[in-house]
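# coords below, sequence missing:
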């Protein structure tokens, strides 16, 4: 009897400690509440149909245009609206994130240290960038593209090839990440994520 109790305790503790990785369906799922908040922004919402193994939606943040602000035919105001969909790896030790972000305007700044252009169905040609924002835009090596890199992101893209917003990109982690979080996705994975983007129905 005592042996049975011990076995049961071990099984219960194992169930509590083990966190299974997200399934493909779970990783891509936005709650009804999140979808409603995103659609209320009044712009097209880009979402991925591919995310790296182990990642799932963690947080959705929205910043609408201020009340009464002039809006374009595409729903944008001077610097908005903005949204961020953050994804978390529940298995990695540092619980890292990557995020899909969109803004209405206010872009700027130099190119990053390394840059590789690639084609997408939604935005035409964009690029994956990483390293220091020093404007050098050097060609990365195959090894760099297949390993996590600092400052990792795709540059901004839009439906009309950056003539007007909203503008969209993917970053290795949100602009305000958890202190313990580092980047664990690679430039090639960012390329796959951006190429998988589609519009939320």
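Done, it's in. Everything numeric in this text was worked out from a predicted model, so none of it was measured.
# use CA for all of it now, contacts and neighbours both
Will do.
# What sits closest to the residue most central in space within the chain if chain neighbours are left out?
Residue closest to the average C-alpha location in the chain (CA atoms, centre = their mean): residue 99, at 2.1 Å. In this structure, residue 99 finds its nearest non-sequential neighbour in residue 86, 4.3 Å apart by CA to CA, 6 or more residues apart in numbering.
# coming back round to it: just the element for the residue nearest to the centre of the chain, please.
Assigned by DSSP states H and E, residue 99 belongs to strand 97-103.
# Residue 148 versus the closest residue to residue 138 other than its chain neighbours, what's the distance?
Closest residue to residue 138 apart from its sequence neighbours, by CA to CA, 6+ apart: residue 114 at 4.6 Å. Distance, residue 114 to residue 148, using CA to CA, to the nearest Å: 13 Å.
# Give me the more crowded residue out of these two.
Neighbour count, other CA atoms under 10 Å: between residue 114 and residue 148, residue 114 has more, with 23 against 19.
# so how far is residue 120 from the more buried one?
According to CA to CA, residue 114 and residue 120 sit 19 Å apart.
# Show me the strands in this protein, by range?
For the chain, the strands defined by DSSP state E cover 46-47, 55-63, 82-89, 97-103, 114-120, 124-130, 153-154, 167-171, 198-199.
# Now distance to residue 144 too, for those, in a markdown table please.
Formatted as a markdown table, the strands of the chain follow (distance: least, CA to CA, whole Å):
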| stretch | distance to residue 144 |
| --- | --- |
| strand 46-47 | 26 |
| strand 55-63 | 22 |
| strand 82-89 | 21 |
| strand 97-103 | 18 |
| strand 114-120 | 9 |
| strand 124-130 | 10 |
| strand 153-154 | 14 |
| strand 167-171 | 16 |
| strand 198-199 | 27 |
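# Can you lay out those as CSV showing distance to residue 160 and mean pLDDT?
Formatted as CSV, those follow (distance: least, CA to CA, whole Å; pLDDT from 0 to 100):
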stretch, distance to residue 160, mean pLDDT
strand 46-47, 14, 95
strand 55-63, 23, 92
strand 82-89, 18, 91
strand 97-103, 15, 89
strand 114-120, 13, 97
strand 124-130, 9, 95
strand 153-154, 17, 94
strand 167-171, 10, 94
strand 198-199, 15, 94
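# so which of the ones you listed gets nearest residue 29?
Ranking the strands of the chain by proximity to residue 29 (CA to CA) places strand 55-63 first, at 7.0 Å.
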